[in-house]
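Student: coords below, sequence missing:
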C-alpha cells in the first residue's frame, strides 16, 4: 500500500511538472512551504532558501498586489484560471510566467501553485503596460482584443466590460503621491484579476477602464465592491469612488477583421468621451456608428480644406548663439478649433493629406511673396512625399517662383510611416537640387527616424521636444542627443531643438552643441510674422541683428 501511495504521488508530481516548470506549496499565511522543479532557474535560489518567503514577493513589484489578490481568490473559490505575471529576476529583466493556483480542503489551509514560463508566442499582451497599474495601454489593448476575437474559439469571452470609476481623477489629484500610486495599483490588481489570463485589462483614460473577462470573473456587484475596497486601502472615505460597469457584446457576426478593429476602436474611444450619448452595446452597432462618424468627419475635413477655413500661424526658429531668427515654421490653425495634430492624422487616414499639404504650400508661397525678408518652413507628410500626383502638383506650384527656392523649407514628418522609401528619397533629392532645404522633423519620437536619416539627404534634423526635455534630468538622454548632434554634423546637416521654453533648456542645448532652436522662449506662434527686431528675445546689448 505504501508503495502504491508513493507511486501515485510521484505520478501526480510528474503530471504537474509536465505542464509546469515549478510547483510551489504555500501555507495559510501565503508563505512558501516547499518547491518542486526549476526553483533555482526561476527564483534564483535553491529550494531551502525560498522556504518561508511570502509567495507574492517572488513576483516583480508591480505584480505583487495582483498576485496576493489571485492567491486570496484561490483560497475562497478553490482555484483560479492561469494568469500571466512577471517573476522578479533582480537586476535582470522580469520573466513572464503563467500562474495557476488551487486550494484543497483538508490540507492544513495550504494552497498549491504552478509556474509555467511563457513562450514568445504566448506573451501577447504582456507588453505595453502602465507601470503604476499593470494595465495595458489603450492601443495595445485594442490590438489584443482584436486578435482575441480573430482567434475566436473555446474560452473566447462573449462580452467586454467597460468600467467607469467616477471620482478617480479627483482622488488622484488630491491624494499624496504614494497613496495615489497605491490606489492605482489596487484598482489595476482588481481589474487584472477579473481579466482573461490576467493581462486583458486596460486604462483608457483618467476614469475609464476596460477588460475582457475570464470565465471566473466576478459579478458587476462584486467588481464594484472590490473597487470600493481598493479605495479604502488607499485611505479614501466610503463613496469617494463610484464604479459602474457596462457590457459590450462581442458577437462578431459577419464582420471582417478590419470592421472588428474599427468597431472596437470606435467603442473604446466613444466610451472615453465625456459628451458621449448612451454607450454602444454591441460591435455591429459600434461599426455602424463608427462608419457614420467617419463619413461626417471626412466631409467636415474636406470642406475645411476646400473652403480654406484655416490659417497659418508662424513660430520663429532661431540661431541659439545669438537668438536671431533663421526662419519661421508655418503651423496650421483651423477655424472650427479642431486640434491640428488630430486633423493631420485624420487627413492621412482619409487620403486627404496631399490636398492639405498642397493647400498649406500655396498659403506659404503667398506669404513669402508678401514678405521677401523671411524664410518659411512647411510640414510635408511622408504620404505626400511618396505620392506621384502630389509631387507633380507641388512642382507645378513652385515652377513660377524660382526665387523662393532659398526661402522655402520642407519639414518631413513621421506621423505616418513612409512605405516607398525610394520614391520619397528621389523627391527629397529633387527638392535639394532645386535649392530647397529639407528638415527631418521630430527626430527621436520614433524608430523610423533613424532609417530616414540613413536614406534621406537633409539639411536639418529637428530633435523631438519631449525627447529633449527628458535630457534635462537624464544623463543617458543627454549622451544620446550629443551623439545625434555629432552624427548630424558628420552628415553635413544642422540640428534644431523643439520646445525650448526656459533658459535652463536653452543652456542645455548650447552645451550639447545644438545650433538652432524653437519654443516659447523665442516666441509663440502668431498669424503674422513680426519684424526681425521684435524677435530678439532676451538679447544682450551690443548684438547686431542678422538675417538668414
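Tutor: Here it is on my side, so go on. From a predicted model like this one, the values you see are computed outputs, not experimental measurements.

Student: show me what contacts the closest residue to residue 103 other than its chain neighbours?
Tutor: Of all residues not flanking residue 103 in the chain, residue 111 sits nearest, at 4.4 Å (Cβ to Cβ, 6 or more residues apart in numbering). The C-beta positions use only the backbone N, C-alpha and C, and glycine is treated the same way. Residues near residue 111 by Cβ atoms under 8 Å, 6 or more residues apart in numbering: 25, 26, 30, 71, 74, 75, 101, 102, 103, 104.

Student: Look at residue 520 and tell me its secondary structure.
Tutor: Residue 520 carries the three-state label coil when classified by DSSP: H, G, I helix; E, B strand; the rest coil.

Student: can you tell me which residues contact it?
Tutor: With Cβ under 8 Å, 6+ apart, residue 520 has these contacts: 500, 501.

Student: Relative to residue 502, how far out is it?
Tutor: 9 Å (Cβ to Cβ, to the nearest Å).

Student: just residue 315 next, same as before
Tutor: For residue 315, the distance to residue 502 - Cβ to Cβ - is 16 Å.

Student: Residue 528 now?
Tutor: 25 Å.

Student: higher neighbour count, those two?
Tutor: Neighbours per residue (other Cβ atoms under 10 Å) separate residue 528 from residue 502, with residue 502 holding more: 12 against 8.

Student: Ignoring the adjacent residues along the chain, who's closest to the more buried one?
Tutor: Nearest to residue 502 is residue 521, by Cβ to Cβ, 6+ apart, at 6.2 Å.

Student: Neighbours of residue 387, how many?
Tutor: Neighbours of residue 387 using other Cβ under 10 Å come to 21.

Student: Does it touch residue 357 like I think?
Tutor: No - the pair residue 387 / residue 357 is not scored as a contact, 9.3 Å apart, by Cβ atoms under 8 Å.

Student: For the stretch 1-150 of the chain, which residues score under the pLDDT cut-off?
Tutor: Applying pLDDT under 70 to the stretch 1-150 of the chain flags the ranges 1-19, 106-107, 119-128.

Student: Over to the stretch 251-400 of the chain?
Tutor: Ranges of the stretch 251-400 of the chain meeting pLDDT under 70: 252-256, 258, 274-284, 286-295.

Student: Helices of that one, residue ranges please.
Tutor: 257-272, 283-307, 340-350, 353-370, 382-385, 388-398 (DSSP state H, counting those that start in this stretch).

Student: ok, the following helix or strand past the last one: who's next to it in the sheet?
Tutor: Meaning helix 388-398. With elements assigned by DSSP states H and E, the helix or strand that comes after helix 388-398 is strand 408-413. Sheet partners assigned to strand 408-413 using DSSP bridges are listed as strand 376-381 (parallel), strand 437-443 (parallel).

Student: Just give me the neighbour total for residue 321.
Tutor: When neighbours are counted by other Cβ under 10 Å, residue 321 comes out with 10.

Student: That one: what's it in contact with?
Tutor: 510, 515.

Student: Could you report the neighbour count for the closest residue to residue 367 other than its chain neighbours?
Tutor: Computed as Cβ to Cβ, 6+ apart, the closest residue to residue 367 that is not its neighbour in sequence is residue 376, at 6.3 Å. Residue neighbour count, defined by other Cβ under 10 Å, stands at 21 for residue 376.

Student: how near is residue 376 to residue 327?
Tutor: Applying Cβ to Cβ to residue 376 and residue 327 gives a distance of 6 Å.

Student: ok so, going back, which residues does the residue nearest to residue 103 bridge with?
Tutor: Assigned bridge partners for residue 111, using DSSP bridges, are residue 26, residue 103.

Student: For the stretch 151-300 of the chain, which segments count as strands?
Tutor: 159-166, 201-203, 208-211, 242-249 (DSSP state E, counting those that start in this stretch).

Student: I'd like the average pLDDT over the shortest one.
Tutor: In this case it means strand 201-203. Across strand 201-203, the average pLDDT comes to 92.

Student: Now do it: which elements does it pack against?
Tutor: helix 138-150, helix 177-194, strand 208-211 (3 or more Cβ pairs under 8 Å, 6 or more residues apart in numbering; DSSP states H and E).

Student: and with 7 Å instead?
Tutor: If you count contacts as 3 or more Cβ pairs under 7 Å, 6 or more residues apart in numbering; DSSP states H and E, strand 201-203 packs onto strand 208-211.

Student: what's the answer for the first one, then?
Tutor: Other elements packing on strand 159-166 under the criterion 3+ Cβ pairs under 7 Å, 6+ apart are strand 208-211, strand 242-249.

Student: How far off centre is the first one?
Tutor: For strand 208-211, the distance from its own C-alpha centre to the chain's C-alpha centre is 16 Å (Cα atoms, centre = their mean, to the nearest Å).

Student: just stretch 368-384 next, same as before
Tutor: 31 Å.

Student: what sits against residue 314?
Tutor: 328, 330, 525, 526, 529 (Cβ atoms under 7 Å, 6 or more residues apart in numbering).

Student: ok, these vs residue 346, which is closest?
Tutor: residue 330 (19.2 Å; Cβ to Cβ).

Student: Look up how far residue 438 lies from the closest one.
Tutor: For residue 330, the distance to residue 438 - Cβ to Cβ - is 15 Å.

Student: Outline the domain layout of the chain.
Tutor: 2-122, 125-295, 308-535 (automatic domain parsing).

Student: Let's have those domains in JSON lines, adding distance to residue 301.
Tutor: As requested, the domains of the chain are exported to JSON lines (distance: least, Cβ to Cβ, whole Å):
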{"stretch": "domain 2-122", "distance to residue 301": "40"}
{"stretch": "domain 125-295", "distance to residue 301": "11"}
{"stretch": "domain 308-535", "distance to residue 301": "6"}
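
Student: and residue 352, what is it in contact with?
Tutor: Going by Cβ under 7 Å, 6+ apart, the list of residues near residue 352 reads 301, 302, 305.

Student: nearest to residue 97, of those residues?
Tutor: Nearest to residue 97 among the contacts of residue 352, with distances taken as Cβ to Cβ, is residue 301, at 47.2 Å.

Student: Just want to check the distance between the spatially closest residue to residue 191 that is not a sequence neighbour and residue 464.
Tutor: Excluding the flanking residues, the one nearest residue 191 by Cβ to Cβ, 6+ apart is residue 201, at 4.1 Å. According to Cβ to Cβ, residue 201 and residue 464 sit 30 Å apart.

Student: between the two, which one's more packed in?
Tutor: residue 201 (30 against 19).

Student: wait, what's in contact with that one?
Tutor: 135, 136, 191, 192, 195, 209, 211.

Student: Please identify the one among those residues that lies nearest to residue 164.
Tutor: For these, the nearest to residue 164 is residue 209 (7.6 Å; Cβ to Cβ).

Student: what about that closest one, how many neighbours?
Tutor: Neighbours of residue 209 (other Cβ under 10 Å): 26.

Student: Kindly state the beta-bridge partners for it.
Tutor: Residues in beta-bridge contact with residue 209 (DSSP bridges): residue 163, residue 203.
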